[in-house]
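Student: kindly generate the corresponding structure for this input.
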Amino acid sequence: MKQREGRLITVVRTLTVMLSVVVFSYMRSYASFNDSACGARATAMGGAFAAIPGGTEAMCSNPASLLELASPELTAVYGKLYSGLSDDSKIGQGYFGFAAPVKRYLQGAAGFAWNDTRLSDAYSETTFAVSYATAVYRGLGAGVTLKYLRRAYVSDNYTALDPVFSDGYSKGALGADLGFFYRPEPRYAFGLAIKNLNKPDLGLAAADRLPVEVRAGASYAMKTSLLDLDASFAGSDYTVAAGAEYSFQRRYALRMGLAAGNNSRRTINMGLGGRFGLAEFDYSFSLPIGGISGTMGSHRLAFSFRFGPEADLQLAAELAELKRAQEKAALQEEKIKALQGKLDAASPQGVAVQAQPEVIKQIEALKVELEKSRAEMETIKARPEARPAAKPAQPKAKQPAARRTYVVKEGDTLESVAARVYGDAERWPEIYRANTGAVGRGGEVKPGQVLVLP
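Tutor: Residues are numbered from 1 along each chain as shown. Next up, the predicted model:
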């Protein structure tokens, strides 16, 4: 009887693993290696995140957008993916990331992340990534991600008979991503990310290279809203995604996104977030409406924490806006100088008079724009949020009292010195202790010796 029960359990377990592997192979395009949305915020916006500075989540979508990170940030994510599958498969995701601005040596921003997706103890995909971003030109940033990818299967009766696993149950490979982020105006931003540049091979018995994925996006920011549109191509697969975010009361956010691709892959996404002090909580829900059936959707819950004086989001936004206005004004000044130099160089050479008014017109237009930029900078500086809090006046350090000394004269003893200085010969031990090592045995002193008086 026990042997029969044991065989039944083995058969059931084997069938479960077989179904799990089939399901995960069917959903491979949704796996972590090809997922540009690691966190709840990016997922709620349909994965349209290439042109959005998303903190630590940026390492999955576009490492270059790390450049707009104002303060160190720590993020942890838990995900329950494709719940309610007919074979009762359990797919879970864990993500941990940390990123911070770099102000010394290689100025920019850097971070590291760990991302893990597992299927019913049968299959797992794990990524360890290190990212760095830096400014290339005015408003343009570039970033790179170096990562280690690992794919692993469980060892059981089913995989033991499969020749695919004859050389092992896991495979690891190194990969690299490249990204660019450009913000010509405070409201507009553009992003481009190229993932898996070297096509890392994760095949066991045969080569199985990840395709190069190219993702481009554009975002438009308003006072309380943010819109983004992305398009990605990976081999023969393509995806188009759009996302929106609405913020209110400077604390809460509502998000929604749509994604569609070939092979009838379509998802609808929504989520919400809230910031309380330096901590932020985000939640997302994704429901496939094509490509995958029999699931009640995916859930992700994220927790983020920011550090440092720039961690206040409103202050960080104001400072970032001021920085962009300053860069814009500097660029306008350079253009004016270049056109003025062109005009000055052309005038003595007898250039046709009708050609100069056009240059003069451009200079005047740039001067008007420059004045607007300067006015915008003054407006931002005048806001209470953009002014750093005044530091309380530090009390002056108390200066140590000057040390008194006494020069020993002929015939002096410690008792006579104490009587002369303190009016009490019995206080000579105080002078002795203050000059331990300088006086002789029994308190002997010599003429000309300098004693410290406590």
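
Student: the protein: helices as residue ranges?
Tutor: Using DSSP state H, the helices of the chain run over residues 2-26, 40-44, 58-61, 157-161, 313-346, 356-382, 414-422, 428-434.

Student: buried set for the last one?
Tutor: Within helix 428-434, the residues that qualify as buried are 428, 430-432, counting by 16 or more other Cβ atoms under 10 Å. Where C-beta positions appear, they are placed from N, C-alpha and C, glycine not excepted.

Student: the domain parsing of the protein - what is it?
Tutor: According to automatic domain parsing, the chain comprises the domains 2-305, 316-383, 404-453.

Student: reformat those domains as TSV; add mean pLDDT.
Tutor: Below are the domains of the chain laid out as TSV (pLDDT from 0 to 100):
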stretch	mean pLDDT
domain 2-305	84
domain 316-383	71
domain 404-453	80
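
Student: return the most buried member of these.
Tutor: Comparing the domains of the chain by mean neighbour count (mean count of other Cβ atoms under 10 Å), domain 2-305 comes out on top with a mean of 19.

Student: correct me if wrong: Ala76 contacts Ala302.
Tutor: Yes: contact criterion Cβ atoms under 8 Å: Ala76 and Ala302 qualify, at 7.0 Å.

Student: now do the shared contacts for the two.
Tutor: Common contacts of Ala76 and Ala302 (Cβ atoms under 8 Å, 6 or more residues apart in numbering): Tyr95.

Student: related to what we said a few turns ago, from the buried residues of helix 428-434, which single one is nearest Lys103?
Tutor: Glu430 (51.9 Å; Cβ to Cβ).

Student: got a list of what the closest one touches?
Tutor: Glu430 makes contacts with 418, 454, as judged by Cβ under 8 Å, 6+ apart.

Student: from Leu453, how far off is it?
Tutor: Between Glu430 and Leu453 the computed distance is 9 Å (Cβ to Cβ, to the nearest Å).

Student: and Glu245, what does it touch?
Tutor: By Cβ under 8 Å, 6+ apart, the contact set of Glu245 is 41, 45, 225-226, 253-255.

Student: and it, how far from Gly273?
Tutor: Using Cβ to Cβ, Glu245 is found at 9 Å from Gly273.

Student: kindly state the pLDDT recorded for Met1?
Tutor: Per-residue pLDDT puts Met1 at 43.

Student: for the residue lying closest to Tyr406 once chain neighbours are set aside, give its distance to Ala425.
Tutor: In this structure, Tyr406 finds its nearest non-sequential neighbour in Leu451, 4.8 Å apart by Cβ to Cβ, 6 or more residues apart in numbering. When distance is defined by Cβ to Cβ, Leu451 is 15 Å away from Ala425.

Student: what do you get for Ala160?
Tutor: Counting by Cβ to Cβ, the gap from Ala160 to Ala425 is 98 Å.

Student: go on, Ala37?
Tutor: According to Cβ to Cβ, Ala37 and Ala425 sit 86 Å apart.

Student: just checking, the residue nearest to Tyr406 touches Arg404?
Tutor: No: checked against Cβ under 8 Å, the pair Leu451 and Arg404 is beyond contact range at 9.4 Å.

Student: now the buried residues of helix 428-434 as a markdown table including distance to Gly277?
Tutor: Below are the buried residues of helix 428-434 laid out as a markdown table (distance: Cβ to Cβ, whole Å):
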| residue | distance to Gly277 |
| --- | --- |
| Trp428 | 62 |
| Glu430 | 54 |
| Ile431 | 58 |
| Tyr432 | 58 |
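
Student: list just the nearest of the residues you listed to Ala325.
Tutor: If you rank these by distance to Ala325 using Cβ to Cβ, Glu430 comes first, at 66.5 Å.

Student: Cys38: what's it in contact with?
Tutor: With contact taken as Cβ under 8 Å, 6+ apart, Cys38 is in contact with 32, 57, 59-61, 77, 95, 97, 113, 115.

Student: which ones among the residues you listed are found in strands?
Tutor: Using DSSP state E, the members of the contacts of Cys38 that fall within strands are 77, 95, 97, 113, 115.

Student: of all pairs in those, which one is the farthest apart?
Tutor: Within the ones in strands among the contacts of Cys38, Val77 and Ala113 form the most distant pair, 10.0 Å apart (Cβ to Cβ).

Student: got any residues that touch both of the two?
Tutor: Counting by Cβ under 8 Å, 6+ apart, the residues touching both Val77 and Ala113 are 38, 95-96.

Student: Arg209 and Asp201 touch, don't they?
Tutor: Yes: using Cβ under 8 Å as the test, Arg209 is close enough to Asp201 to be in contact (4.9 Å).

Student: dump the residue contacts of Gly46.
Tutor: By Cβ under 8 Å, 6+ apart, the contact set of Gly46 is 37, 230, 241-243, 256-259, 267, 269.
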